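Q: Fold the following and give me the result.
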Amino acid sequence: MKVILKKDVEKLGKAGEIVQTKRGFARNYLIPQGFAVEASTSNMKVYDNEKAVLQRRQEKEISAAQLLAEQLNKLSITAAVQVGEEDRVFGAVTNQNIAELLAEKGFEIDRKKIILDEPIKALGVFDIPVKLHSEVEAKVKLWVVRE
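A: Numbers count the residues shown, from 1 in each chain. The predicted model follows:
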């Protein structure tokens, strides 16, 4: 079944693309969730009209994400943690902690956009990737120091 994507769907396509999917996936998930509409002739006409609008909106989102990425790349945040013997960290620094530190600096970033393979359990300096847009990623410098 051909559908027109209204929003970006990971591993399927970006907003505005016409993709071929299985009928059940489209009818049970994509269409009810508002991610897509069926690619009928009337919807194709609407799609052609909205394609230019969608492209301009996406370009604005990318440029805004790039500006934010430039600011985040220059940013350095510090997490003070308790340590025990031999500089072992009690607990860990998670993406939630990093989101709170960024909020203190004035950047409201969703914790799900902060990409950590695993929580940080050591002292040191780390480059933390932040996925701002599907095409834009920033790196924030995180200093983990003893309290």
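Q: Now the helix or strand bottoming out on mean pLDDT in the chain: buried residues?
A: The helix or strand of the chain with the poorest confidence is helix 41-74; it has a mean of 88 (mean pLDDT, DSSP states H and E). For helix 41-74, the neighbour count (16 or more other CB atoms under 10 Å) marks 43, 47, 54, 58, 65, 68, 69, 72 as buried. Every C-beta, even on glycine, is put in place using the N, C-alpha and C of the backbone.
Q: which SSE is the residue lying closest to residue 76 once chain neighbours are set aside in?
A: Leaving out its chain neighbours, the residue that sits closest to residue 76 by CB to CB, 6 or more residues apart in numbering is residue 141, at 4.3 Å. Under DSSP states H and E, the secondary-structure element containing residue 141 is strand 136-146.
Q: quick one: strands adjacent to that strand?
A: Looking at strand 136-146 with DSSP bridges, its partner strands are strand 76-81 (parallel), strand 124-133 (antiparallel).
Q: what's the following helix or strand after the first one?
A: Proceeding N to C from strand 76-81, the next assigned helix or strand is helix 95-104, under DSSP H and E.
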